[in-house]
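In: okay, predicted coordinates and the sequence, questions at the end:
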Number of protein chains: 4
Amino acid sequence: MSQDFSEIASHLAEIGRRFYSCGWVLGTSGNFSAVLSREPLRLAITPSAVDKGQLTAGQILEIGPQGNLVGDHHGKPSDESVLHIAVVRARGAGAVLHTHSIWSTILSDLHVTEGGLTIEGYEMLKGLAGVRTHQHREWVPIVENAQDMALLAERVAGTLKEHPSSHGLLVRRHGLYTWGENLAQAKRHVEIFEFLLEAMGRTHLRPQPC
Amino acid sequence: MSQDFSEIASHLAEIGRRFYSCGWVLGTSGNFSAVLSREPLRLAITPSAVDKGQLTAGQILEIGPQGNLVGDHHGKPSDESVLHIAVVRARGAGAVLHTHSIWSTILSDLHVTEGGLTIEGYEMLKGLAGVRTHQHREWVPIVENAQDMALLAERVAGTLKEHPSSHGLLVRRHGLYTWGENLAQAKRHVEIFEFLLEAMGRTHLRPQPC
Amino acid sequence: MSQDFSEIASHLAEIGRRFYSCGWVLGTSGNFSAVLSREPLRLAITPSAVDKGQLTAGQILEIGPQGNLVGDHHGKPSDESVLHIAVVRARGAGAVLHTHSIWSTILSDLHVTEGGLTIEGYEMLKGLAGVRTHQHREWVPIVENAQDMALLAERVAGTLKEHPSSHGLLVRRHGLYTWGENLAQAKRHVEIFEFLLEAMGRTHLRPQPC
Amino acid sequence: MSQDFSEIASHLAEIGRRFYSCGWVLGTSGNFSAVLSREPLRLAITPSAVDKGQLTAGQILEIGPQGNLVGDHHGKPSDESVLHIAVVRARGAGAVLHTHSIWSTILSDLHVTEGGLTIEGYEMLKGLAGVRTHQHREWVPIVENAQDMALLAERVAGTLKEHPSSHGLLVRRHGLYTWGENLAQAKRHVEIFEFLLEAMGRTHLRPQPC
């Protein structure tokens, strides 16, 4: 399932510029990847600490199964490369997208003690792969943040195993990880989750009748 | 009243890209149609599950009175085609637009027990066809969501019959349906409702004096 | 002080497209004018009910002192032409801009019983012509809305006379009128007021400590 | 460390147009500078009272150590030039950016009695230079606003000395000052702070359980 690197790199860059304009990857935050091949495992991934509003295909790097740089690209892959690899392995994903939005940050904090939040009853849920009805209950797990990437990757892998039907997860006060069969589906999942988190957040934060 | 398909298709695509940039049709949500002819009934309509931010005229399909694909276009028409046809039949509309915005989603949920909400006293109401004063009372009915499209179309048709002067309706936790004589008027109605729902929502969700 | 019509028309169209992208003139709402000459009084003004997101210089009309169409332009001037003329006469303004934003709509409603609202202590106030310090107290009068334009123009003229130092006014649940020596200054005043009303609104609508 | 003026001027103009589109420098507010040389001190800086949405490289001015215009540019440097110079001297900054956003305005007001606010536990903090963990505690001092620029510059200088590890400061009801080694880092800091202030603001302003 090897694919054309330059086409994928262009798509990653386009998604980055789009999400930047939505305010979801400000301040060089966020990172995006797509699987180039499974055997051996190769991912196209964004470099560490670049401005997503000016992301170009030429900045995209190629990594191997330990997050190591491969091929003739120069640069430092995202620090969170191992999390992308953990998601690819756990879900068989073809693309992994990580955004830092206002609403994912707020909700990941407010619901941390419950270990996650349930989204239910929204038509928009049907935008998640395999979901056929708004009555679907989506559990979005929240994992505590960490700077030790091996530890955080382990937490993410454990959480994905524990919740095999979840389409995304939140890292506390950090942001959203979601994925898809390919970049188009992963992009759709980001938009679905960002929409639902904002709708939930604005409803949840409203004053309650006494 | 046959009109030029390619012109209408371009207009539908332009509206889709515009509404996407407003955040009203994220994640491939939303669908749009315009009447091509009445006898026999023909609609230009958006296909199922496409990214509205990249919608092109070439993706627009043509359907007949049962939502069946006609002409030499290839693709799967929106699942909600029968709702568009129900609105066209009930209102004699020339165009039907369906958006999934944050505020329509929130308000359709908060007001569901009343069966709808009244919008009254706003100058913006004058943007609705035939409304001449801000003192107009607009009743926006809310119908419960469903995945059985024939059932949902029946609910929508019944609601439209019951409220013959309403300019739009909400599907619970799903979004807004509005329409117009033509695409320009229907687009104006979307903007009017989205504005009013946001203004109502932000006012309604404010803390009340004890 | 006659000026070049086509240059002013282009500037009006550019401002309209800009404000549309800010969400301040959705649904064909809003209207904008600039003085072409004082003796005889001539204004360049937007036509009634056009989409401001696609406003072009070619759509701009020319009116005389009673709001009557003059020159060789064809179209229907904004219904609110007489309000523009009232502002030009009362303030000697060179340009008048009227927007329909979410925050001006909300605040014009919440403060209507006080007859207006005071904005004080914000650095942004210095963007209003002649204001030299953030300690300035700006009184923004609110007038009740009406569909009789002659009556509404009278209310506006009376209010401007009563509050000679105000830089703008709100029409209840309708929007903001502001003006300036020229279009650049009037545009700046719109941005200043929209910013301040949003900052005031978000602060005001927050939960109060019990 | 002399750099190419025209390149820096283009970068300043691009940042200005970008921030304008974010709504952070409406109404001619905001000002931006970058160091051209240290000995003698020379800054490229935005002129007073220009529309940042249309900022061009040709409008950028050059100033000396007292905020005096140098070189063959014509225009009036930003009134806040002395604040930029104070920040450059106190921090050795290569660029200083000042924005007027809704959330910095609101939070600078709500937290003024505490003299500042702490931001802690957010992944986005890692976008601040030298910060390696989300557990970082960032103290954002708030200084009272003033129109006497020499006085305000003194306050800013005193505050920077008192809080040597702060990456930015707020002027009450006025806005954010932040800086960086160069324009790219200073732009990143603006985005980081604007994001964090919005996330804090929306969380803080939510209704509290009774």
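Out: All right, it came through fine.
In: where's the nearest residue to A:Leu55 once chain neighbours are set aside, which helix or strand?
Out: Residue nearest to A:Leu55 in three dimensions, not counting chain neighbours: A:Gly16, with 3.8 Å by CB to CB, 6 or more residues apart in numbering or on different chains. In this view, the C-beta of every residue, glycine as well, is placed from N, C-alpha and C. Under the criterion DSSP states H and E, the helix or strand holding A:Gly16 is helix A:5-21.
In: just list what that helix packs against, helices and strands only.
Out: Using 3 or more CB pairs under 8 Å, 6 or more residues apart in numbering or on different chains; DSSP states H and E as the contact criterion, the elements in contact with helix A:5-21 are strand A:31-37, strand A:42-45, strand A:95-99, helix A:183-204.
In: what sits up against the host helix or strand of A:Glu62?
Out: For A:Glu62, the element it lies in under DSSP H and E is strand A:61-63. When contacts are taken as CB atoms under 8 Å, 6 or more residues apart in numbering or on different chains, the neighbours of strand A:61-63 outside the stretch itself are A:5, A:36, A:42-47, A:69-71, A:73, A:75, A:77, A:81, A:85.
In: quick check: next helix or strand after that strand?
Out: Sequence-wise, the next helix or strand beyond strand A:61-63 is helix A:81-91, with elements assigned using DSSP H and E.
In: does chain D sit close to that following helix?
Out: No: for helix A:81-91 and chain D, the contact criterion (CB under 8 Å from any CB of the partner chain) is not met; the two come no nearer than 12.3 Å.
In: what residues of the helix or strand where A:Leu152 lies count as buried?
Out: Element membership of A:Leu152 [criterion: DSSP H and E] is helix A:149-162. Across helix A:149-162, burial judged by 16 or more other CB atoms under 10 Å in any protein chain shown covers A:Met149, A:Leu152, A:Ala153, A:Glu154, A:Arg155, A:Val156, A:Ala157, A:Thr159, A:Leu160.
In: swap in stretch A:45-61?
Out: When neighbours are counted by 16+ other CB under 10 Å, the buried residues of stretch A:45-61 are found to be A:Ile45, A:Thr46, A:Pro47, A:Val50, A:Asp51, A:Lys52, A:Gly53, A:Leu55, A:Ala57, A:Gln59, A:Ile60, A:Leu61.
In: tabulate these in CSV, adding columns for pLDDT.
Out: Supplementary listing: the buried residues of stretch A:45-61 in CSV, determined by pLDDT from 0 to 100:
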residue, pLDDT
A:Ile45, 98
A:Thr46, 98
A:Pro47, 97
A:Val50, 96
A:Asp51, 97
A:Lys52, 97
A:Gly53, 96
A:Leu55, 97
A:Ala57, 97
A:Gln59, 97
A:Ile60, 97
A:Leu61, 97
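In: per-residue pLDDT, A:Tyr20?
Out: Per-residue pLDDT puts A:Tyr20 at 96.
In: residue contacts, it?
Out: If a contact means CB under 8 Å, 6+ apart, then A:Tyr20 has A:Leu26, A:Asp51, A:Lys52, A:Gly53, A:Leu55 as its contacts.
In: looking at those, which is nearest C:Gly127?
Out: Nearest to C:Gly127 out of the contacts of A:Tyr20 is A:Leu26 (CB to CB; 25.5 Å).
In: any idea how far that closest one is from chain D?
Out: Distance of A:Leu26 to chain D, computed by CB to the nearest CB, to the nearest Å: 4 Å.
In: what residues does chain A have near chain B?
Out: Residues of chain A lying close to chain B (CB under 8 Å from any CB) are A:18, A:22, A:121-124, A:127, A:132-135, A:184, A:187-189, A:191-192, A:194-195, A:198-199, A:202-203, A:206-207, A:210.
In: if any of the residues you listed are buried, put those into a PyMOL selection.
Out: Of the residues of chain A next to chain B, the buried ones go into a single PyMOL selection, burial set by 16+ other CB under 10 Å:
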select buried, chain A and resi 18+22+121+122+123+124+127+134+184+187+188+189+191+192+194+195+198+199+202+203+206
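In: pull the distance from stretch A:178-192 to the chain's centre.
Out: Offset of stretch A:178-192 from its chain centre (CA atoms, centre = their mean, to the nearest Å): 8 Å.
In: can you check stretch A:196-205 too?
Out: On the basis of CA atoms, centre = their mean, stretch A:196-205 is displaced by 19 Å from the centre of the chain it belongs to.
In: same deal with stretch A:160-168?
Out: 13 Å.
In: for it, C-alpha coordinates in CSV please.
Out: This file holds the C-alpha atoms of stretch A:160-168, laid out as CSV (Å, rounded to 0.1, in the frame of the first residue of the first chain):
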residue,chain,number,x,y,z
LEU,A,160,-7.2,2.6,22.6
LYS,A,161,-7.1,-1.0,23.6
GLU,A,162,-9.6,-0.4,26.5
HIS,A,163,-12.0,1.5,24.2
PRO,A,164,-11.8,-0.3,20.9
SER,A,165,-14.7,1.6,19.3
SER,A,166,-13.7,5.1,20.1
HIS,A,167,-12.9,7.3,17.1
GLY,A,168,-10.7,9.8,18.9
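In: what residue ranges in chain A score low on pLDDT?
Out: Across chain A, the stretches falling below the confidence threshold (pLDDT under 70) are A:1-3, A:205-210.
In: got a list of what A:His100 touches?
Out: Residues counted as contacts of A:His100 (CB under 8 Å, 6+ apart) are A:Trp24, A:Val25, A:Leu26, A:Ser29, A:Gly30, A:His174, A:Gly175, A:Leu176, D:Glu123, D:Met124, D:Phe195.
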